[in-house]
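>>> pasted the sequence and its predicted model underneath.
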Amino acid sequence: MKPKKIRRLIPSLLLLVFIAIFFCQCEKLFKSKDDDSNVAEGSYIATNASDPEFVKLVTKDGEIINVFGTRDANGMPDEVKQINITIEGDQEYVFLFNDNKEIETVIAANGTVFNFEWLSSEKVALFIDCNDGVNQINTEIDLNDLDAEKSARVNYNAPIRETGNFCYDIEFHPFVDAEDWENAGMLKSATASGTVYSLRTTSCGAPTNQQPYSVDVFDITGHVHIKKLYAEYVSKGVYSITIPSGTAPTIDPQGAIEKLTAILGPICDAGGIYAATLSPTMCVYLAAKLAATGIGIKVAPAVGVACTGVVAALSVYCATLGASGPPGSPSIMDKINEQKLLEDFKSQGEMRLYVRFHGLPSPILKAYTVREGVSAILNAELSANAKPSIRSLNLSPAAPAAKQSYTITVSVFCLPVGSTVSISMVGTDGWTQNSQYTVSSAEESAGTYKMSVVGAATGVRDEITVVVNTPDGQSITRNASLIFGG
């Protein structure tokens, strides 16, 4: 068989592999959870008016769901910000929501990260950071048309794109000003309730959005687990952690249940995230999109496992806390209340705070000693031994229209003077672009490097490679791809 025909068969074969991964795991992962009495010891509704945790559910099969968010002036649950779901013993999946109540980031148990940029209520740009730490998938999704057969097909016969009045050089942009960074965190902390800790995340001193996805409170010995919390995003490199106040009032659990029912159910209804954005249909559709990328064959197994796990975890939520029964029927939260499983958490004295950040090949753990009633700034330097790193690679837009240009943005940290940042791309129409930037001062060791790319015909696939080389011989690479009109 000719090489060209083999190349065109790869996407179809890859799609079959991805779908096989998905359906072979369904019997193990998807279980019936529609019994609203599925409440085990350890479940509770939080009744402390300053507690950022709303509810914790432990099912009889050992799954654990923690729901966090903000409360209104009366201490009642207001908006969901984060849901942590643990299945299969220790497989934790983290769902983060933005201020518009849309899913923003999902961190899978195997380290794969799904980032969502909402373009409208029906369209979303999806950026998948693969767990190999090198590859990234970028695509745009129409939630009203999740037909795998209509996924983008690569155009290998398009005429080469035209040049024009265009700048092809890399441009450097520093991160947010340090003074603005400091003030943003303090203003947020001053308005929060409970004992607030301002978490400052840096890499080589520069603020970074490396996501803290899990916060655990232990006693001062570090051996007895007390409570799970979350870190709320404030601004670049600034997060807020609130430990419930020992003097906060206790809220009415029945009122909390009514509020929780109103804000938790819509996540799983016909217009919620489970219905489209994170549904089984999405995994199959994503397989077709992945098959069309130049790097799909390298990452399909890990992305397939991650997508399957995410859907399985969310299905546990939607069959329990997110389930809507017949009108007037008791919910699973009513069952928790009936069993008097309530928690009015009151922190006392000194405690140990353990914060986990997403990192590869393994999460990054930071520990702090804190005292109830005493706010503090917690610093988290996330570059081990000032190791150079490419923290993110973004393509905007993720799926440009035909002839539409796009921008490659690379966030880097801890680059020694003399390092080089190289960005290159090659399209299936034969077009290539490449540029190199040399770090000439310490001010350029952390920031974003950007390069614009000329638009191409529908179906043309661009493969992007970023390489950072340091004076001592280290080399760091990130890869991504996109398809025009796809």
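Thanks, I have the structure now.
>>> can we go C-alpha only for contacts and neighbour counts from here?
Will do.
>>> domains in this structure, as residue ranges please.
3-151+250-338, 171-175+390-483, 178-245+351-385 (automatic domain parsing).
>>> what's the closest of those to residue 161?
Counting by C-alpha to C-alpha, residue 161 lies closest to domain 171-175+390-483 out of the domains of the chain; the figure is 5.3 Å.
>>> contacts only, for residue 391.
Residues in contact with residue 391 (C-alpha atoms under 8 Å, 6 or more residues apart in numbering) are 410-413.
>>> so where do the helices sit in this protein?
3-24, 26-29, 178-191, 253-264, 280-291, 296-318, 332-338 (DSSP state H).
>>> what's the angle from the fifth one to helix 296-318?
By that I understand helix 280-291. Counting by axes from the mean of the first three to the mean of the last three C-alpha atoms, to 10 degrees, helix 280-291 lies at 170 degrees to helix 296-318.
>>> so which elements touch helix 280-291?
With contacts defined as 3 or more C-alpha pairs under 8 Å, 6 or more residues apart in numbering; DSSP states H and E, helix 280-291 has these neighbours: helix 3-24, helix 296-318.
>>> and those helices, which one's lowest on average pLDDT?
Note on the helices and strands packed on helix 280-291: lowest mean pLDDT is at helix 3-24, with a mean of 46.
>>> turn the domains of the chain into a markdown table, including distance to residue 158.
Listed next are those as a markdown table, based on distance: least, C-alpha to C-alpha, whole Å:
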| stretch | distance to residue 158 |
| --- | --- |
| domain 3-151+250-338 | 15 |
| domain 171-175+390-483 | 5 |
| domain 178-245+351-385 | 38 |
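>>> nearest to residue 162, out of the ones you listed?
domain 171-175+390-483 (7.8 Å).
>>> show me the shaky parts of the stretch 101-250 of the chain.
145-152, 164, 176-193 (pLDDT under 70).
>>> 50 instead?
177-181, 183-192 (pLDDT under 50).
>>> so residue 137 makes contact with residue 478?
No - Residue 137 is beyond contact range of residue 478, at 11.0 Å (criterion: C-alpha atoms under 8 Å).
>>> between the two, which one's more packed in?
Neighbours per residue, other C-alpha atoms under 10 Å: of residue 137 and residue 478, the larger number sits with residue 137, 25 against 20.
>>> and the gap between residue 249 and residue 50?
8 Å (C-alpha to C-alpha, to the nearest Å).
>>> so which of the two has more stuff around it?
Between residue 249 and residue 50, counted using other C-alpha under 10 Å, residue 50 has the larger neighbour count: 31 against 14.
>>> identify the residues contacting the nearest residue in space to the more buried one that is not next to it in sequence.
Nearest residue to residue 50, sequence neighbours excluded (C-alpha to C-alpha, 6 or more residues apart in numbering): residue 244, at 5.0 Å. Going by C-alpha under 8 Å, 6+ apart, residue 244 touches 48-52, 193-195, 345-347.
>>> and residue 118, by the same measure?
By C-alpha under 8 Å, 6+ apart, the contact set of residue 118 is 102, 124-125.
>>> of those, which is the most crowded?
Using other C-alpha under 10 Å as the neighbour criterion, residue 125 leads the contacts of residue 118 with 21 neighbours.
>>> surely it and residue 398 touch.
Yes - in this structure residue 125 lies within contact range of residue 398 using C-alpha under 8 Å: 6.0 Å.
>>> so what sits against both of the two?
What both residue 125 and residue 398 touch, as defined by C-alpha under 8 Å, 6+ apart, is the set 138-140.
>>> and the pLDDT for the nearest residue to residue 45 once chain neighbours are set aside?
Nearest residue to residue 45 in three dimensions, chain neighbours excluded: residue 55, at 4.5 Å (C-alpha to C-alpha, 6+ apart). If you check residue 55, the pLDDT there is 92.
>>> over to residue 461?
pLDDT recorded at residue 461 is 89.
>>> separation between it and residue 398?
To residue 398, residue 461 is 12 Å away according to C-alpha to C-alpha.
>>> find residues that contact each of the two.
Applying C-alpha under 8 Å, 6+ apart, one finds that residue 461 and residue 398 are jointly contacted by residue 482.
>>> now, the contacts of residue 118 that are in strands?
Assigned to strands by DSSP state E, the following of these qualify: 124-125.
>>> Serialize the contacts of residue 118 to CSV and add fields for distance to residue 421.
Converted to CSV, the contacts of residue 118 look like this (distance: C-alpha to C-alpha, whole Å):
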residue, distance to residue 421
102, 34
124, 30
125, 26
